[in-house]
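1. Need the 3D shape of this:
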Amino acid sequence: MKQVKSLGKVRSDKLEKKLTKAILLVTLLGFVAILFAAVNSVYQEKRSYEIRSQMDQEIQTASQIAFFQHTISNIAKQLTMNTFFKKTFSSPSGNLGERLSDKREIHNMLASNAHLIDSIEEIMIYTADGETLSSREIRGGFDPEKNEWFKEFVASKKTEGYSSIHDSEPRQDGYHIPVISYITEYHPLDKRDDTAYIIINIDRRAFEDMTGIRSELIDESCLFSGNGDIIAGQGETVKALYQELSNDDSEYYFEKEGNIYISVGGMMDGFRLLSRVSGRELYLQCLNVAVPLLIIIPVIVLVMLLVLHFYVRRIVDPLNELGEAAAKVGRGDFDVITDIHTGDEIETTANAFNGMVRDIKELMDESLEHEKKLHRMSMENLLLQINPHFIYNTMNSIVYMAKINKNNEIAQFTNHFISLLQKTLKIRKSVFTTLESELDTVRHYLYLQEFRYGNRFEYEFDVKEEILKARIPGMMIQPVVENAIFHGLAPKTGKGSLAIKGSYKDGILILTIEDDGIGMDAETVSSLFDEDKSEEETAHRIGIANVRKRISEIYKDRADMVISSTPGQGTKVMFTIPFEEDSVTEDAEE
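-> Residues are numbered from 1 along each chain as shown. Next comes the predicted model:
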């Protein structure tokens, strides 16, 4: 018993480990998948947020540049709309003094506008007559032929816009700075065919300051003019990508070689801002947000192990109880009952196990009772056969005396009776005999009844030869034949007939005993199977109930005995039993 319990415990421990490993593996895989999805989601969300944030910054920078451009443009427009400015250039005075006064007034006006924005280096007017007016105190004449940037603008046929970067006019100290000029055409009121130009030179550093890198993620940023010149910024990569940019004013971003490029338009004269977001820096920054999620793995795994241990024990403990109960059943203890209430399939299995044990116990009890009944039938047969040798010796003496007196009929009758006794009183090791042996017994019995009843009935056998070796319970046909003669044919007026037939179909042996005697009503047929009544009338109604009882004990529901009878017409008894061919030999007397 100790070995069985120890084995059951070892097996349950193994099952617990297997369940824990399997569930933990599946759970971890699911958790890893969920964690990966969560990390990826957080990463992608952070990445999208950073890209959008950088784009918003670039849009804000572009808006700042556009506002600065519009401010410069508005200064130029206000100059062209100034009443004194219009009057001076439309109808200049012929008086030299007045003319000098007007120029001084215009100089002061240009200077005051130049001071509005610190990054304006100079405001200059180049008239249709080739005269140059400037916000500077001292400035030489402006020669368009010596300034390529001006010639390029004129050649572009634009009425306003920005030039390429060029150097400013030297100051008094000889110092000059890189500038970009905003140029707009101006037509005097009474000289519509003449073209004058207002030129505002802007310190390039103003665009550099606005375009400068504004984030640790952006490692390159350039401001391009409409013709592709770099106004401000740095970055060889973005320079090479300028030709791939869209020409519209929209903002968008695209990815190339692991980096994000943000392109923003919406500025005057086709200006476009192109910046590169470092893919590596973006990855590291996004990963830093996702890393905390990875730290919680050990904690979650520990919690999972504790929870798994609890639930696995809830599964294994009932299984241990089932295993111990099964071990007891294996040792022959069928009174064991499991008491498991888990509310799941294990409880269903336990209930099924309890039902199975009850069924096995009932089957074993029935089997034991069946064996007892078979043994009792053998003992009853044994009790009927007490000392048969004395009867045989006595009957042989009668045969001997009949032969001395030359009475052959008595001798033949006695020989048949001896043969009948030998077959019916012989002790057998089995309750079975062959169909052929049973039919021999019936023939001996019918021979004896012919002496008693003379020519009152005749009989025939119609049995297939191939079924003669079939195995059947002993003394199954003879009691039915005896009952047919005593209660069917003997009371009949006139000659009767008896037919014994045997056939085989689909694994079933079919035997019928049919007579054309007086027959029976339904109540009488029913009484034949009444065991108590049959025992009381044994002398008159030979063992029909016993025959049916023996068949039921041996074959259960695989065999049947049916009696059909009609008063005045006869009776038919039909047996259907499993066909079992066997070389059953008559056992020797014991």
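2. mean confidence score for stretch 119-131?
-> Mean pLDDT, computed over stretch 119-131, is 87.
3. Tell me the helix or strand right after the helix or strand bottoming out on mean pLDDT in the chain.
-> Least confident helix or strand of the chain, by mean pLDDT, DSSP states H and E, is helix 531-536 with a mean of 50. As assigned by DSSP states H and E, the chain's next helix or strand after helix 531-536 is helix 544-555.
4. Now that next one - C-alpha only, CSV.
-> Written as CSV, here are the backbone C-alpha positions of helix 544-555 (Å, rounded to 0.1, in the frame of the first residue of the first chain):
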residue,chain,number,x,y,z
ILE,A,544,-40.6,-25.1,-19.5
ALA,A,545,-39.9,-22.3,-17.1
ASN,A,546,-36.6,-23.9,-16.1
VAL,A,547,-35.5,-24.2,-19.7
ARG,A,548,-36.1,-20.5,-20.3
LYS,A,549,-34.5,-19.6,-17.0
ARG,A,550,-31.3,-21.5,-17.9
ILE,A,551,-31.1,-19.9,-21.3
SER,A,552,-31.5,-16.4,-19.7
GLU,A,553,-28.8,-17.2,-17.2
ILE,A,554,-26.4,-18.4,-19.8
TYR,A,555,-26.9,-16.0,-22.7
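5. Domain map for the chain?
-> 9-295, 299-383, 426-578 (automatic domain parsing).
6. Of those domains, which shows the lowest average pLDDT?
-> It's domain 299-383: among the domains of the chain, that one has the lowest mean pLDDT, namely a mean of 75.
7. What are the boundaries of the strands in the stretch 151-300 of the chain?
-> Using DSSP state E, counting those that start in this stretch, the strands of the stretch 151-300 of the chain run over 160-167, 178-186, 196-203, 218-224, 230-234, 252-256, 259-264, 272-277.
8. likewise the stretch 1-150 of the chain?
-> 120-126, 132-134.
9. returning to that earlier point: let's have the domains of the chain in JSON lines, adding mean neighbour count.
-> Every C-beta, even on glycine, is put in place using the N, C-alpha and C of the backbone. Shown next, in JSON lines, are the domains of the chain (neighbours: other C-beta atoms under 10 Å):
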{"stretch": "domain 9-295", "mean neighbour count": "16"}
{"stretch": "domain 299-383", "mean neighbour count": "13"}
{"stretch": "domain 426-578", "mean neighbour count": "17"}
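10. Take the strands of the stretch 151-300 of the chain and lay them out in CSV including distance to I138.
-> What follows is the strands of the stretch 151-300 of the chain, written out as CSV (distance: least, C-beta to C-beta, whole Å):
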stretch, distance to I138
strand 160-167, 17
strand 178-186, 18
strand 196-203, 15
strand 218-224, 32
strand 230-234, 28
strand 252-256, 48
strand 259-264, 41
strand 272-277, 37
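11. Show me the one of those strands that comes nearest S552.
-> strand 252-256 (88.6 Å; C-beta to C-beta).
12. Would you pull up how far the closest one lies from the middle of the chain?
-> 40 Å (C-alpha atoms, centre = their mean, to the nearest Å).
13. The chain should start at 54 in everything you say after this.
-> Right, with 54 as the first residue, what we last looked at is strand 305-309.
14. For it, name the packing helices and strands.
-> strand 312-317 (3 or more C-beta pairs under 8 Å, 6 or more residues apart in numbering; DSSP states H and E).
15. Would you map the strands across the stretch 454-603 of the chain?
-> With DSSP E, counting those that start in this stretch as the criterion, the stretch 454-603 of the chain has strands spanning 485-487, 510-516, 524-526, 549-558, 561-568.
16. In CSV: the ones you listed, plus distance to F628.
-> Listed next are the strands of the stretch 454-603 of the chain as CSV, based on distance: least, C-beta to C-beta, whole Å:
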stretch, distance to F628
strand 485-487, 14
strand 510-516, 13
strand 524-526, 8
strand 549-558, 9
strand 561-568, 4
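17. which residues pair with L562 across the strands?
-> Y557, I630 (DSSP bridges).
18. what residues are up against the nearest residue to E304 once chain neighbours are set aside?
-> Among residues not flanking E304 along the chain, V317 sits closest, at 4.3 Å (C-beta to C-beta, 6 or more residues apart in numbering). Neighbouring residues of V317 by C-beta atoms under 8 Å, 6 or more residues apart in numbering: 108, 111-112, 114-115, 304, 325-327.
19. Can you pick out the most distant pair from those?
-> So, those by C-beta to C-beta: farthest apart are M108 and R325, at 13.9 Å.
20. so T401 sits in a helix?
-> Yes: under DSSP: H, G, I helix; E, B strand; the rest coil, T401 falls within a helix.
21. which ones are touching the closest residue to I520 other than its chain neighbours?
-> Leaving aside its chain neighbours, I520 sits nearest to Y557 (5.0 Å; criterion: C-beta to C-beta, 6+ apart). Listed by C-beta under 8 Å, 6+ apart, the contact partners of Y557 are 517, 519-520, 523, 563, 632.
22. hmm, try it at 10 Å
-> 517, 519-520, 523, 563, 632, 634 (C-beta atoms under 10 Å, 6 or more residues apart in numbering).
23. can you check D220 too?
-> 200, 202, 229-232, 254.
24. Can you tell me which of these lies closest to A86?
-> P231 (57.9 Å).
25. tell me the contacts of the closest residue to the closest one other than its chain neighbours?
-> Of all residues beyond its chain neighbours, the one nearest P231 is R257 (4.4 Å), with distances taken as C-beta to C-beta, 6+ apart. Contact analysis of R257 by C-beta under 10 Å, 6+ apart lists 172, 174, 218-219, 221, 230-233, 284-285.
26. Sounds good, over and out.
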